[in-house]
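Engineer: this one's sequence-less:
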């Protein structure tokens, strides 16, 4: 291994930390990648490019590495500079998928794995074996749309009305209205309690059954803060606290923040906020937060969390869970509705049962909506809360302590500012993310190849629908 070259490759910044919507932010948003997964994917991309520059044979990227490669090519200045560091211009050539190339492509993938293991050790499966970040969850997609299943449930209920009308008439005639109302209320409350616990168990299994190194086990503290509180503002406040503790800034009078120095910076969020402090005319805390809260750097976590929720909701396992809840609650509504029909036919008072049925319907819809929109969020939050509490994470990383305790983890000066200057902050969705550059790369995992300007030939690899290869010297 050429340690000197690898050090240069590893330390090369593909974009600036202060970019408004640079390479890192763009690739994370377009692919709905988490912060830590994006960092890992970029590291593996650098490893691949190092192998491409030093190998004398064709090498091939994984699907995920190829996504990073596609995106980097769009940033031509950064890519050219990167190739200068590598000492070779690595060209990206799409695969032709010709049948006669199959053996060559297969050998390229095998060679890549071999030299990777020799140089860097075992390839991380979540980057080199899966086609997307979400594959590590091991959740096959459902075959049928959720809406189709919901409509089937309604049609079955309507078809059951004439079939069950007579037997239910016989049963209901022996149950007084007060007894039915009481029994229905108790059953509904009991069912909600049971489903709530059942749902927690199934959703926890989704997390537990994912790959050991899945992204779901490696979320960033500020992503968890958003998952917990649904507020981008928390991560911004946390970054302010970090900057105060590092003596980059200090609190001033009238809720202001004063810049001290910007030479010691630990992460992208800190660099970006310090840059904005220099640019903004105002440094008043209450006015800085709204200016920062809609920036891509902070709204990307909204896109990520929405992507996780959407992917899991489309899985067969979640669909089965949701339909189970739906079927049970629909059954309760059905029997309550039948009581109204039969009571009306017998000229019995049905006002109270009608009101109770409406309450059950509204409560059921709310319960199902919460399951779809926040079920997995709560499961992940509970998982991380237990994990952080019973580990040294909160001791080794202040951000995790902030996730657990919220504002109690902030310094005294900032805590006072946050409490006293608690101005209402608008909710920001991922749609507010506006980039200053409309250019983007193909986000798909397309097949590709790479070559060197110094090489005599260049090929591509497409094992199992994978990406291309890279020609060496």
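Structural biologist: Done, it's in. In this text the structure is predicted, and so the values were computed from the model without any measurement. Numbering: from 1, shown residues only.
Engineer: residues near residue 249, how many?
Structural biologist: 24 (other C-beta atoms under 10 Å). Every residue, glycine included, has its C-beta placed from N, CA and C.
Engineer: try the one 3 residues further on
Structural biologist: Here the number of neighbours of residue 252 (other C-beta under 10 Å) works out to 14.
Engineer: please begin residue numbering at 566 from this point
Structural biologist: Got it, first residue is 566 now, which makes that one residue 817.
Engineer: now do the same for it: its pLDDT.
Structural biologist: With respect to pLDDT, residue 817 has a value of 84.
Engineer: so it makes contact with residue 809?
Structural biologist: No: judged on C-beta atoms under 8 Å, residue 817 makes no contact with residue 809 at a distance of 11.4 Å.
Engineer: just the element for residue 941, please.
Structural biologist: Residue 941 belongs to helix 916-954 when elements are defined using DSSP states H and E.
Engineer: which helix or strand in this structure has the lowest average pLDDT?
Structural biologist: strand 1014-1017 (a mean of 46; mean pLDDT, DSSP states H and E).
Engineer: any buried residues in stretch 629-646, and which?
Structural biologist: 629-640, 643-644 (16 or more other C-beta atoms under 10 Å).
Engineer: from these, pick the one nearest residue 896.
Structural biologist: residue 629 (44.1 Å; C-beta to C-beta).
Engineer: just the strands from the stretch 616-765 of the chain, written as ranges.
Structural biologist: For the stretch 616-765 of the chain, the strands defined by DSSP state E, counting those that start in this stretch occupy 655-658.
Engineer: where does the prediction get shaky in it?
Structural biologist: Low-confidence segments of the stretch 616-765 of the chain (pLDDT under 70): 658-666.
Engineer: and the helices in it, which stretches?
Structural biologist: 628-639, 641-651, 667-684, 690-693, 711-737, 742-773 (DSSP state H, counting those that start in this stretch).
Engineer: which outside residues touch the helix or strand following the helix holding residue 941?
Structural biologist: Using DSSP H and E, the helix or strand that follows helix 916-954 towards the C-terminus is helix 958-961. Under the criterion C-beta atoms under 8 Å, 6 or more residues apart in numbering, residues 952, 953, 965, 966, 969 lie in contact with helix 958-961.
Engineer: what about 6 Å?
Structural biologist: 953, 965, 966, 969 (C-beta atoms under 6 Å, 6 or more residues apart in numbering).
Engineer: got these as a markdown table, with secondary structure and distance to residue 782 columns?
Structural biologist: Formatted as a markdown table, these follow (DSSP: H, G, I helix; E, B strand; the rest coil; distance: C-beta to C-beta, whole Å):
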| residue | secondary structure | distance to residue 782 |
| --- | --- | --- |
| 953 | helix | 12 |
| 965 | helix | 14 |
| 966 | helix | 19 |
| 969 | helix | 17 |
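Engineer: tell me the one among these nearest to residue 685.
Structural biologist: Once C-beta to C-beta is applied, the member of those that ends up nearest residue 685 is residue 965, at 28.4 Å.
Engineer: and that closest one, how many neighbours?
Structural biologist: Neighbour tally, residue 965, other C-beta under 10 Å: 23.
Engineer: could you do residue 573 as well?
Structural biologist: Residue 573, neighbours per other C-beta under 10 Å, totals 15.
Engineer: any idea how far it lies from residue 652?
Structural biologist: Between residue 573 and residue 652 the distance, using C-beta to C-beta, to the nearest Å, works out to 10 Å.
Engineer: name the helix or strand for residue 822, please.
Structural biologist: Here residue 822 sits within strand 822-824, counting by DSSP H and E.
Engineer: quick one: strands adjacent to that strand?
Structural biologist: With DSSP bridges as the test, strand 822-824 is paired with strand 814-816 (antiparallel).
Engineer: residue 674 reaches residue 625, doesn't it?
Structural biologist: Yes: between residue 674 and residue 625 there is a contact at 4.7 Å, judged by C-beta atoms under 6 Å.
Engineer: what about these two, which has more around it?
Structural biologist: residue 625 (33 against 22).
Engineer: ok, that one to residue 677 distance?
Structural biologist: Residue 625 sits 5 Å away from residue 677, going by C-beta to C-beta.
Engineer: from the contacts of helix 958-961, which two are the most distant?
Structural biologist: The span of the contacts of helix 958-961, defined through C-beta to C-beta, is set by 953 and 966 at 8.4 Å.
Engineer: hang on, the earlier thing: closest one of the buried residues of stretch 629-646 to residue 695?
Structural biologist: Nearest to residue 695, judged by C-beta to C-beta, of the buried residues of stretch 629-646 is residue 629 at 7.0 Å.
Engineer: contacts only, for that closest one.
Structural biologist: Applying C-beta under 6 Å, 6+ apart, the residues contacting residue 629 are 606, 692.
Engineer: let's see that with 10 Å instead.
Structural biologist: Applying C-beta atoms under 10 Å, 6 or more residues apart in numbering, we find residue 629 in contact with 596, 598, 602, 605-606, 609-610, 689, 691-698, 700, 1010, 1032.
Engineer: among the residues you listed, name the buried ones.
Structural biologist: 596, 598, 602, 605-606, 609-610, 689, 691-693, 695, 697-698, 700, 1010, 1032.
Engineer: okay, buried residues for the one helix or strand residue 793 maps to please.
Structural biologist: For residue 793, the element it lies in under DSSP H and E is helix 786-794. Buried positions in helix 786-794, judged by neighbour count with 16+ other C-beta under 10 Å: 786, 787, 788, 789, 790, 791, 792, 793.
Engineer: so the second one makes contact with residue 834?
Structural biologist: Yes: using C-beta atoms under 10 Å, residue 787 is in contact with residue 834, at 7.7 Å.
Engineer: what do the two both touch?
Structural biologist: Counting by C-beta under 10 Å, 6+ apart, the contacts common to residue 787 and residue 834 are 600, 800, 801, 803, 804, 863.
Engineer: who touches the nearest residue to the first one once chain neighbours are set aside in this structure?
Structural biologist: Nearest residue to residue 600, sequence neighbours excluded (C-beta to C-beta, 6 or more residues apart in numbering): residue 785, at 4.2 Å. Taking C-beta under 10 Å, 6+ apart as the contact definition, residue 785 lies against 599-604, 791, 800, 866, 869, 964-965, 968.
Engineer: how near is residue 785 to residue 633?
Structural biologist: 19 Å.
Engineer: residue 589 now?
Structural biologist: Separation of residue 589 from residue 633 (C-beta to C-beta) stands at 10 Å.
Engineer: anything in contact with each of the two?
Structural biologist: By C-beta under 10 Å, 6+ apart, residue 589 and residue 633 have these common neighbours: 579, 598, 603, 607.
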